[in-house]
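K.L.:
Kindly generate the corresponding structure for this input.
(2 chains)
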Amino acid sequence: MEAFGLLLHGFAVLLTWKTLVLMMVGLVLGIFVGVLPGLGGPNGVAILLPLTFTMDPTSAIVMLSCIYWGALFGGAITSILFNIPGEAWSVATTFDGYPMAQQGRAAEALTAAFTSSFIGSLVAVLLITFLAPMISSFALKFGPPEFFAVYLLTFCSFVGLGREAKHKTVISMSLGLLLAGIGMDTVSGNLRMTFGSPELLRGINFLVAVIGLFGISEILLTMEERLALRGHAAGISLRVVLGVWKDLPKYWVTLLRSSFIGCWLGITPGGAIAASFMGYNLAKRFAKEPENFGKGRIEGVFAPETAAHASGTSALLPMLALGIPGSGTAAILLGGLMVWGLNPGPMLFVEHKDFVWGLIASMYLGNVVGLVLVLTTVPIFASILRVPFAAVAPMIVVSCAIGAYAIQNAMFDIWLMLGFGIVGYVFKKIGIPLAPFTLALVLGNRAEDAFRLSMIGSGGTLKVFWSNGLVSSITTLALLLLFWPVIDNLLGRVGWTQRARAPSQ
Amino acid sequence: MKAAIALATALCGTPAFAGWEPSKPVEIVVAAGAGGASDQMARMMQAAIQKNNLMKQPMVVSLKGGASGAEALMYMKSSEGDPNKVLIAYSLIYMLPLSAKIPFNWRELTPVSVVALDQFVLWDNSAGPKTVKEFVAAAKAASSPFKMGGTGSKREDHVLTVFLEQKTGAKFSYLPYKSGGEAATQLVGNHTEANVNNPSENLEVWRAGQVRPLCVFDKERISYTSKVTDTQSWADIPTCKEEGVDVQYLMLRAMFLPGKVTAEQQAFYVDLFHKVTQTAEYKDYMEKQALKPIFLTGKDMVQFLEADDALNKSLMTEAGFVAK
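P.N.:
Just a heads-up that it's a prediction; the model follows:
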């Protein structure tokens, strides 16, 4: 109960008019940067960071973390309305969110996204509040083999649980892995596949690829099919919101599962991005009618958003306790902490209680205020769909280009984005799924490094992936998921899963 | 070329005169990722300049850590003549062109000043051996690979590891991580046996009692005597030479402008960073991160860079890290 007392103390630190105003300002700014595709959380926080230098650390971090929450909420808006994910973890939200918007259920999808974001972060904050010390020691258990096992688990769950043809998933993933290899190789210190071009030194930025693959390709498709955004502007009313909320209890299993996955991967340093994909895939696997996923099922929005926000929130814990940022935005917040003279690490919780618990309390308040704020502004965002396509499309392309450019201030990235737009278009036409490609692009490098470091450390034996309870259980689970279709089939033959299948027959 | 720089810097060695001033925000380019030692230093400078009103235009930190920092070097190289970008450099300016054949030469940039020297310390887990002697004995006796963590491949940490091997006869498996912070937590989690992090990278885990400093790779002890942990100060760490392992390495932290800027522009920054080194923020930062204070500019700086370049080159060659 010590945590409870400290939390109350945190609220006391926080409940001043000044901090509450800063919180609102931060949230509004955050939603704005979140809505601009590609600008997103990391850039928004980076631009606004110097504003906070003159504030005291607690006010500064409250404002910055509210920008972060705002951007997380805002990212869902573009994913659903335009099929353009702002952050890596919004990618999975587009799978069902965008089809829902096309069917005129944009408001419903947005409400679902915001509500599940709220639930996800709430669960994660509760976890942080009560388990902070234990979790940081759990994160320390992760060495290279454990990291690799987690990445393997994510890849395997894609192949094993995905609905698409397996060979297409593998093709898409391999292409992503190939592109992830471009640039400097940390393990050998050599350049790979840069062909002497200084532009390729950096490697291919994940966000640039995502903006092209999803945003630009969608514009191309729409142009080909018909010159209109396929959504009807949905009027949001209290009725829609309440309707979605009334149905919430039906999906408690999905929400709980996704929160759990999110928290678990969020505190696994670097695992936050994988969370939304896994949340989505598992929801699909355990659904009664998995074939409806990707066609606008509300569960397909609940699952990834809950997981993404649970992981986004719990990712702040390794940042504070260990100094390992779980996401781009967390990395910039980390830079901020150092400016204010706060060094993240185990001593932060001991020496700067006011700061840490003020921040945790701001997570509670920021989320509640943020939810109200986004819900009341949904009609404004949903009305974007009423604007003629001919007017919106150029604006989307321009803001995509700005977003792609802003990530590294490189003109080359705009060309790259356009290139990926064409790749995305072709992939959609020939039915190759984009998600495994993007996943491989973002995790490929880390998976490779983790594998090679494990090999250096173990002297080259694969036994290291079964060397302790933690790593063996993750590796085994990964292999089980990879071969799940085969296992499922075998179990089906012996009649084990007959009952589960009955409803669909 | 070299003569031109020497001449330009000689002209600016005198205190700055009211002349050129930046007319738009100044970008401070960091050749490393967020939260690393360079980033922390850049943020300190940004705050020091802003709080003490040292410059009218704001300063923004721009992280260009891609390709192990090569991104920042190429960025500076291609910004020829642009006086609104200043690089916060470290020994990668010598090493990257050698190991990865990056087409870059620091002589193409305009040197401003050397602002600090960074130390390297040999650390192990606080549950591990207590002295360098015991540590070396443990490494020699280990049956499985004895793991040394570090940042990047064929760079400072890797070079130090090779020289430790040469001087002690022990064998290490070097694990290249992406950042010093990662190397620190991996040591705390017992996934590696040791690392050679900079003081700033291991400071927090040391204060938490999770790692132990064994020796510092310098010819003299660190000068700061105020207590960092309950019992120890930076000055309490013995030098590696005292402990019988004669390996020394210091890393520069220096500011550079792109090539082909005017002497007036260069003079402005020499003066600016000189003022920065006088601020309380800078002094506080130096002590906290156990950096060695130094301020070199003009001819002195070029001389220092040439000598340092030669030293790094010979170390890299000896370690076998120069790409053919």
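K.L.:
how about the helices in the stretch 251-400 of chain A?
P.N.:
Taking DSSP state H, counting those that start in this stretch, the helices of the stretch 251-400 of chain A run over residues A:252-267, A:272-286, A:299-314, A:316-322, A:328-339, A:348-351, A:353-382, A:389-408.
K.L.:
Mean pLDDT lowest where, among the ones you listed?
P.N.:
Across the helices of the stretch 251-400 of chain A, helix A:328-339 has the smallest mean pLDDT, namely a mean of 69.
K.L.:
follow-up on the earlier one: kindly compare burial across the helices of the stretch 251-400 of chain A and name the winner.
P.N.:
When the helices of the stretch 251-400 of chain A are scored by mean count of other C-beta atoms under 10 Å in any protein chain shown, the highest mean neighbour count falls to helix A:299-314 (a mean of 33). In this view, the C-beta of every residue, glycine as well, is placed from N, C-alpha and C.
K.L.:
So what angle separates the directions of that helix and helix A:272-286?
P.N.:
150 degrees (axes from the mean of the first three to the mean of the last three C-alpha atoms, to 10 degrees).
K.L.:
I'd like to check the angle between helix A:299-314 and helix A:252-267, please.
P.N.:
Helix A:299-314 runs at 30 degrees relative to helix A:252-267, counting by the same axes, to 10 degrees.
K.L.:
pretty sure A:Ser65 contacts A:Met363?
P.N.:
Yes: counting by C-beta atoms under 8 Å, A:Met363 is a contact partner of A:Ser65 at 7.0 Å.
K.L.:
which residues do those two both contact?
P.N.:
A:Leu316 (C-beta atoms under 8 Å, 6 or more residues apart in numbering or on different chains).
K.L.:
quick one: the strands in chain A?
P.N.:
Applying DSSP state E to chain A gives strands spanning A:183-184, A:191-192.
K.L.:
quick one: is stretch A:179-195 near chain B?
P.N.:
Yes: interface with chain B: stretch A:179-195 contributes A:Gly183, A:Met184, A:Asp185, A:Thr186, A:Val187, A:Ser188, A:Gly189, A:Asn190, A:Leu191 (C-beta under 8 Å from any C-beta of the partner chain).
K.L.:
now that stretch: mean pLDDT?
P.N.:
90.
K.L.:
Look at the closest residue to A:Leu81 other than its chain neighbours and say how many residues are nearby.
P.N.:
Excluding the flanking residues, the one nearest A:Leu81 by C-beta to C-beta, 6 or more residues apart in numbering or on different chains is A:Ala101, at 5.6 Å. Applying other C-beta atoms under 10 Å in any protein chain shown, we find 28 residues neighbouring A:Ala101.
K.L.:
What distance do you get for A:Ala101 to B:Tyr94?
P.N.:
Between A:Ala101 and B:Tyr94 the computed distance is 54 Å (C-beta to C-beta, to the nearest Å).
K.L.:
what helices or strands is the biggest helix by length in chain B leaning on?
P.N.:
In chain B, with assignment by DSSP state H, the single longest helix is helix B:298-319. Applying 3 or more C-beta pairs under 8 Å, 6 or more residues apart in numbering or on different chains; DSSP states H and E, we find helix B:298-319 packed against helix B:2-12, helix B:92-99, strand B:110-118, helix B:156-168, strand B:251-257.
K.L.:
Just the CA atoms of it, as CSV, please.
P.N.:
The C-alpha trace of helix B:298-319 is given here as CSV (Å, rounded to 0.1, in the frame of the first residue of the first chain):
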residue,chain,number,x,y,z
GLY,B,298,43.0,27.7,-33.2
LYS,B,299,46.4,26.3,-33.9
ASP,B,300,46.5,24.3,-30.6
MET,B,301,43.3,22.5,-31.6
VAL,B,302,44.6,21.5,-35.1
GLN,B,303,47.9,20.3,-33.5
PHE,B,304,45.9,18.3,-31.0
LEU,B,305,43.7,16.8,-33.7
GLU,B,306,46.6,15.8,-35.9
ALA,B,307,48.3,14.0,-33.0
ASP,B,308,45.1,12.4,-31.9
ASP,B,309,44.3,11.3,-35.5
ALA,B,310,47.7,9.7,-35.8
LEU,B,311,47.3,7.9,-32.4
ASN,B,312,43.8,6.6,-33.3
LYS,B,313,45.1,5.4,-36.7
SER,B,314,47.9,3.4,-35.2
LEU,B,315,45.6,1.9,-32.6
MET,B,316,43.1,0.9,-35.3
THR,B,317,45.8,-0.5,-37.5
GLU,B,318,47.3,-2.5,-34.7
ALA,B,319,43.8,-3.9,-33.7
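K.L.:
I figured the residue nearest to A:Leu81 hits A:Glu108, correct?
P.N.:
No: A:Ala101 lies out of contact with A:Glu108 (C-beta under 8 Å); the separation is 9.2 Å.
K.L.:
could the helices and strands packed on helix B:298-319 go into CSV alongside mean neighbour count, distance to chain A and mean pLDDT?
P.N.:
Compiled in CSV, those are given as follows (neighbours: other C-beta atoms under 10 Å in any protein chain shown; distance: least, C-beta to the nearest C-beta, whole Å; pLDDT from 0 to 100):
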stretch, mean neighbour count, distance to chain A, mean pLDDT
helix B:2-12, 15, 23, 48
helix B:92-99, 23, 5, 94
strand B:110-118, 23, 16, 96
helix B:156-168, 21, 8, 94
strand B:251-257, 23, 16, 96
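K.L.:
A:Asn409 is nearest to which of the ones you listed?
P.N.:
strand B:251-257 (17.9 Å; C-beta to C-beta).
K.L.:
thinking again about what came up before, and the helices of the stretch 251-400 of chain A: which comes nearest A:Ile31?
P.N.:
Per C-beta to C-beta, nearest to A:Ile31 of these: helix A:353-382, 6.5 Å.
K.L.:
residues near the closest residue to B:Lys167 other than its chain neighbours, how many?
P.N.:
Closest residue to B:Lys167 apart from its sequence neighbours, by C-beta to C-beta, 6+ apart: B:Val245 at 5.2 Å. Residues lying near B:Val245 (other C-beta under 10 Å) number 21.
K.L.:
do B:Ser314 as well
P.N.:
Neighbours of B:Ser314 (other C-beta under 10 Å): 10.
K.L.:
Distance-wise, check it relative to chain A.
P.N.:
As judged by C-beta to the nearest C-beta, to the nearest Å, B:Ser314 and chain A stand 18 Å apart.
K.L.:
ditto for B:Gly320
P.N.:
Distance from B:Gly320 to chain A, by C-beta to the nearest C-beta: 12 Å.
K.L.:
What of B:Gly69?
P.N.:
From B:Gly69 over to chain A (counting by C-beta to the nearest C-beta), the distance is 9 Å.
K.L.:
pLDDT value on that residue, please?
P.N.:
Model confidence at B:Gly69 (pLDDT) stands at 90.
K.L.:
same deal with B:Leu203?
P.N.:
pLDDT, read off for B:Leu203, is 91.
K.L.:
Surely it and B:Gln289 touch.
P.N.:
Yes: in this structure, B:Leu203 is within contact of B:Gln289 by C-beta under 8 Å, at 6.9 Å.
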